[in-house]
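Colleague: Quick check, what structure comes out for this input:
(chains A, B, C and D)
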Amino acid sequence: MALDPAIGPDAGSGVVIGSDQGSGGAWEGGRHAPAVGPWRLAMRRMRRNRVALAFLGLFILIVVVCVLAPVYSHDIAQIGPNQNNITGQVKVGGQEKDVVAVDGTPIGPTFTSHYFLGADTNGRDLAVRLLYGGRTSLLIGGVATVIIIVLGTLFGLLSGYLRGVADGILRPLMELIWSFPPVILGVVVGTALALGGLGPIKGNSVFIPAFIIGVIYSPYLGKPIRGEILRLREQDFVDAARAQGMGPMRIMFTEVLPNAASTIIVFIPLMLAQALLLEAYLSFLGAGVQAPNASWGTLIADGLNYIETTPTFCLIPGIMLVLTVLSVNVFGDGLRDALDPRAQVRIKT
Amino acid sequence: MARFAVRRALSALALLFATSVVVFGAFEVIPSYNPAQAIAGRNATPTTVAEVSRKFGFDKPVYTQYVNTMKLVFTGKVIDYQDDLNVVDQFRKRFPVTLSLVLPAGILWFGMAVVLGSVSAMRAGRLTDRVVMVAAIVGVSIPVVLLAALLLYFFAYKLTWFPNTGYHGLSNPVQWAYHLILPWIALAVLNIGFYSRVLRSGLLDMANQDFVRTARAKGLSRGQVFRRHMLRNSLMPIITMFGLDFATAIGGAALITEAVFNLPGIGQYEASSIGNLDVPPILVGAILTAFFVVLFGALIDILYGLLDPRIRLTG
Amino acid sequence: MKRYARTSTAVLLAALVALAVAACGGSSSKSSKSSSSGSSKASSAGGKQGGTIKIVSGTPPLSADQGLDFTTQGNELYSTVNLSLLTFTRGVAGTAGAKIIPGLAKSLPKVTDGGKTYTFTLRPGLHYSNGVPIKASDVPRALERDLKIPWQAASFISAYIQGGMAYANGNAKTISGVVANDKTGTIAVHLVAPFAPIVDVFALPGTAPVPPGTPAKNLAATGTVGDGQYKWGPITPGHSYTLIKNPKFDVPGLPRGHVDQFTYSVNTNVLANAEAVLNNQADVFDPGDTLPAAVLDKVKQQSDRYQAVPLNTSWYFWFATYKKPFNNLYAREAVLAAMDDRALSRLDSGFQTPDCHLIPFGIVGHSSPSSCPFHNPNGPANLTLAKQLMQKSGMTGQPVVVYGEERAPRRQYLDYFTGVLNSLGFKATEKVVNSGVYFTTIGAPTLKPDVGFGDWNQDFPNPWDFMQLFAGDAGSTLNYGYVNDPHYNATLNKLDQQPPDKVASQWAALDQYAVNHAYYAVFGHESKPQFYSSRVDFAASPLSVEYFLDLVSMRLK
Amino acid sequence: MATPDEPGAIARGASAPNGSGRGNGTALIEAEHLELYFPVKKGILVDRTVAHVHAVDDVSLVLTEGETLGVVGESGCGKSTLARCLVRLHEPTGGTLRFRGRDITKLNRRGLQPIRREVQMVFQDPVSSLNPRKRVGQIIGVPMRLHGVDGSDVESRVRDLLHRVGLNPEHINRFPHEFSGGQRQRIGVARALAVNPKLLVLDEPVSALDVSVQAQVINLLDDLQDEFGLSYMFIAHDLSIVRHVSDRIVVMYLGKLMEVSPARELYEKPIHPYTQALLAAIPIPDPHENQARARTVLGGEPPNPIDPPPGCRFHTRCPHATEICATTEPPLAEYAGGHLAACHHPQSVGAEEIASAVRSSLSPTSAGDAMPDAEAARQAGDPAPGDPATGRGARTGATPPSPSAGPGSGAP
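Modeller: Numbering: from 1, shown residues only, chains lettered A, B, ... in the order given. Here you go, the predicted structure:
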């Protein structure tokens, strides 16, 4: 391609369009020796993005540290996440100190193995609660993301591919959830389900906020996927598959879905970040994780009461949450650049 | 245009109906849910509860209750369970507070996003761009709760530059603004981050379009090309986002900011009603939100038509 | 097409702008008159008249209408608006502040008919704040209104006054047991049975007369027109309340109030409230709230404007004594033995005085904490005993759901108490309920919860007020555990016919009986913070055991 | 109504592909009064169907085993829709479709399965017709598996097919984007051949390709037809390509058949004015000759298929149109040699031929019984077929292409 429009005349904007792979080289057919699939190309691009990889590493580190909390935290801190120790004492620098003073002030960070980050009002070890809370937050975020992906993809596929009745039912449903502010919807449903439970799931189960968040955000994936599927179903390869006698389910899942996969994958980190944030909001408003279980959201809410004297109570879970969301976001940016640089994403809370 | 209006009105009605059903039905899952008990109070005898239940019609089937409540909502006569107050009046009373919070915050977040997104795209790849984009991604990663708490801690408690919390009426505009600066910032930061990121990527896409190159080639200055061709087209996605975000925020979605800064807006009213399982205010709030969402959706579509003559209004 | 679009945009935008302007205009008319700084220049010692006091509270009253509300927060406010036939002394700290004195009535009531008839006589020439004269018939109307709305303490009327129940159930047009004569100004109240605390009931603002034409519905947005030292100014329900001095108030022997205006604003962020008072941005920290431990140190340093005042409250957990596992006496006793009251006190920023008895210190019939059977309230839990009792009960592994309130420190109590139950071997899970609906939720007859939190601030200084909480046949829903002990019920019905100080030891014995049967797990009586800005005359504005904040006595320096 | 009741009536009546090199006369696929109307929906409150796009309107045709049927017409004339109807990618809204005499119009997916194996399609766009996320091996292998080829055989058969269509079998693991347009179209053909079909419906298989590559693909198709004994339905928008591959050619206009003819005869003796116009549009390599010929140039655009003109659909643009054309739809008249044309004013035929023409059973049901008027033709002095002196369609016929030259004859 001689007339490569790579360099725009508007050099001032600093925009350089990379020459499009595939068109120039591959046109002649098979000059590249090995077969390079789209996934491998994305992997290559991903590997070059050091920042994104570094944040992925950070995220994995946070996950490992939190998920493995039950394995080691009790050995170090000698206390569980929900174990009260209001009248107990702890040795700090050779001195016995009240975990919770007589006037109710909990001990601040000791930076020793017991009460490393201090205690909360109930004499529970904040460091342990931070780790367990992280575990809860990540579990909710993760389960919610799985629900978002499954529901959103199903929404999008059925609505976009089958059209007709499926679209007539699913699309308004998606619009309904989508046009409702997530926080308010989450609090309404969360408050109701926390008191009422959800079928066999008890009201204080962490799967209730996970379920709520998953359902609330599923249209945020479902809508773009539907658009993508609508575009894909007009492609001739879908007709080709039909002409070969493939059934609609098989076409949806083996022909169409793989083409939407990169969009879905781009959404995974974005949805995870949003799920983590929404969990924090719901827990802050009392409609998320139920006591005595902790999550980063409840820890932030509890810490707010001590922001005056011991801001670390609120700041440390806050920083953990921000770091996690940030690492997921940065990695997600990298992933999008690698897979689908043009993905348009609208997310809000 | 008639078709557009009718279609939108219909979708509004459908949305209103659906939201009201969801809200009304949500609390039915609570096994011991009995608003009569809440109305009758802590020390009520069973006969009193039964009396209240009869008076409010809680002994009727759910759909009858729904129909009756909706009738009251649309005649503006609906009262809440907790305070026996006219809910519509309460919303009317609190709406100025929410609008005082959301309208300037909306202008702030939209304006800042346009400025930052444009600067970032114009300087793509340079230090300015990097700084703005890092700030933006951090901005979208901070939960509003934490940001609001931090602002309150540093600027109100530590430095005492700004007042503690609370709302001050517009009768004294200086006090009004002084009390609202922190809430505005808390509400705006997240959206500034989102919008500027979307705008930047839109502008960069636009820079590669033929018509932009053509515009440059015919001798327009960089600024002219940017304003007339690139920005105008790239604004559409964030205008869409703004429509929905603004609509939901004035419908009560700014409840966390209102809660932390103790602004007696409709978000806080809705939040406390949710906590008290007080259905009528939640219902009215949801309907209000749905109404704003549809209204702003329509406004944005009309605006689209003005920005881009190719787009025709469809239902 | 395009032109249409443009025009309609213009119209819509114009409408939007108009909306915004209208909305802002609306807010400007609702000028909130604050605040503290305006009239603080004159800080001469010795009791200033006038000025504005700004109260900050974490919890709103349920309503400004005394005919519905029965919260301490509400009582602080409408007790200055709605003066009843009798009233309590003002401006006196401690138990002496709970003495009943005549209010609208000329004197204390005449008791006849073996304690079943109380006759009040109205002082002549009294007026409501709007100038309407007060008549004897306004009292029965107020009582009827209480039953209709209904008043949260309506059972005082319906259960004890003749014809009250019939009226509440809609079977009668009036309350037959209340006979008023406008000419003589007498009001005769006929009781179902002798019931001494009825004099306390007629000192509650809820029984205060209301002018003719007052609608029988909750007036949460305006409050009622009253006859007290203050009248209602602007109200935003759940958020802010204003009281303005009533210039027409003139009841001989009763104080008239010092401050011109009170504003009472609610912010659920109690820490922010404490900060505001500390920095003199607000004047009064509502004693109904718990001072957060985070500011306690700083507050305590302000000894000239802060002290903890013991008031008549009891904090407890109750058990569902009719079903597994807490129908088992050993199981209940095990819980009492395993509780560490000192821990619970620390959760309340040290404001609790540990005790196991329901009747608090300031009320006759109180027993000493040393008679607590299962553990020493001022010492650690008796875990060995607890384990033994638990073993005997055989209830290990039983699932229980523990109910508790969201508001601090109640949720922390719940966390603690659940921990105790779990350490005993129960399978306890928590259920936190929003404070606004907590008691109505657990009181709903459909729920029947296992175990949960309860607290009681005195309505009036009478041991009956506490002991009736566990009465099995009182027909109230305050007995969340459905305790129904025949001996307890019979004793209660006997004692409530006598003035309390005459049967003080019998009240104490009843309390001890219930403790020994572990019907409730009381863990302490709370002190309340008296915490003002430096503008308020601290010494002249004591907390009242009856009213908490005694606004009528309160004055600026 | 002359709709035959028994199957195959049309085939018996009208499929006599005279002069065709291939074809044994057994009808493979028959369309009887096939109709496909797309609804146009509109409405303020509820969408109602206010009109239809007459994409395929009462089309009857027969394709016999072994023959190549070309279909030509301008863009939007419904030829692609017709093709998709024949492979049941679209559900016809009316008419009957038969395969080997069996009614398949209403068959469900399962019932169609055996027929799918025998009828395959090659698509126009070599980019969108191959799933970009799949390797060539999967693209060609999946239909084999679908139709029950044993898994272990699949790869060797795929390699074999790749070889047959002129691709390197080693490229079995590549992705479509690594191939050129021509190569991709070969993959498309290989996929169609994977299940050993009897009929290939080729929907403009070469129109997206470079001219040089077009020839290669056409030759490949030619070879494959001989090798596998295939029937083709070959769709194209211009006549220059079809004539090299087709035995018979169908000319479509606005969803209707205009003319059906053995290939060579269509070029030598175009009867319908529309066909003449199409032929006139074929460029001639010699510029002098190209300029010298008198051309029937069509003015304007085809009418809107939502509201097609009454009578003969072509009358709005036809140079020979008279009153009858605007009112009465002409039936397909069968002339000598199985040459069918729907025109009131047939060209290139003498009055005797007109007189001896009969109404074909392939005629649309809506067509009138008005056969062309032989007397009028005689008076008008319409030229005898193949008369080189009097221009019009005859001129085009005068430059017969040499069958050996192949398409894109500029590049030998």
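
Colleague: Quick check on the residue nearest to C:Phe531 when sequence neighbours are not counted: phi, psi?
Modeller: Leaving out its chain neighbours, the residue that sits closest to C:Phe531 by CB to CB, 6 or more residues apart in numbering or on different chains is C:Phe285, at 4.1 Å. For every residue, glycine as well, the C-beta is placed using N, CA and C. C:Phe285 adopts backbone torsions of phi -90, psi 120, taken as degrees, to the nearest 10.

Colleague: Distance of C:Phe285 relative to C:Lys54?
Modeller: Using CB to CB, to the nearest Å, C:Phe285 is found at 11 Å from C:Lys54.

Colleague: C:Ala308 now?
Modeller: Separation of C:Ala308 from C:Lys54 (CB to CB) stands at 22 Å.

Colleague: Same question for A:Gly297.
Modeller: 33 Å.

Colleague: Could you tell me the phi and psi values at D:Tyr253?
Modeller: Per degrees, to the nearest 10, the backbone of D:Tyr253 is at phi -150, psi 120.

Colleague: and it, what does it touch?
Modeller: Counting by CB atoms under 8 Å, 6 or more residues apart in numbering or on different chains, D:Tyr253 makes contact with D:Gly73, D:Glu74, D:Cys77, D:Tyr274, D:Pro302, D:Arg313, D:Phe314.

Colleague: Chain C next: which of the residues you listed are close?
Modeller: Among the contacts of D:Tyr253, no residue lies close to chain C (CB under 8 Å from any CB of the partner chain).

Colleague: got JSON lines for the residues you listed, with neighbour count and distance to D:Arg145 too?
Modeller: Converted to JSON lines, these look like this (neighbours: other CB atoms under 10 Å in any protein chain shown; distance: CB to CB, whole Å):
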{"residue": "D:Gly73", "neighbour count": "28", "distance to D:Arg145": "37"}
{"residue": "D:Glu74", "neighbour count": "18", "distance to D:Arg145": "40"}
{"residue": "D:Cys77", "neighbour count": "25", "distance to D:Arg145": "37"}
{"residue": "D:Tyr274", "neighbour count": "28", "distance to D:Arg145": "45"}
{"residue": "D:Pro302", "neighbour count": "18", "distance to D:Arg145": "43"}
{"residue": "D:Arg313", "neighbour count": "27", "distance to D:Arg145": "45"}
{"residue": "D:Phe314", "neighbour count": "25", "distance to D:Arg145": "47"}
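
Colleague: ok, so of those residues, who is nearest A:Leu272?
Modeller: Comparing those against A:Leu272 with CB to CB places D:Cys77 closest, at 52.0 Å.

Colleague: Please identify the helix or strand for that closest one.
Modeller: Per DSSP states H and E: D:Cys77 is located in neither a helix nor a strand.

Colleague: Any figure for the gap between it and D:Lys256?
Modeller: For D:Cys77, the distance to D:Lys256 - CB to CB - is 9 Å.

Colleague: Give the closest residue to the residue of chain A found nearest chain B in space, chain neighbours not counted.
Modeller: Nearest residue of chain A to chain B, counting by CB to the nearest CB: A:Pro181, 3.4 Å away. Nearest residue to A:Pro181, sequence neighbours excluded (CB to CB, 6+ apart): B:Ala253, at 3.4 Å.

Colleague: Check B:Asn34 too.
Modeller: That would be C:Ala444: by CB to CB, 6+ apart, it lies 5.2 Å from B:Asn34.

Colleague: so that neighbour touches B:Gln37, yeah?
Modeller: Yes - contact criterion CB atoms under 8 Å: C:Ala444 and B:Gln37 qualify, at 4.6 Å.
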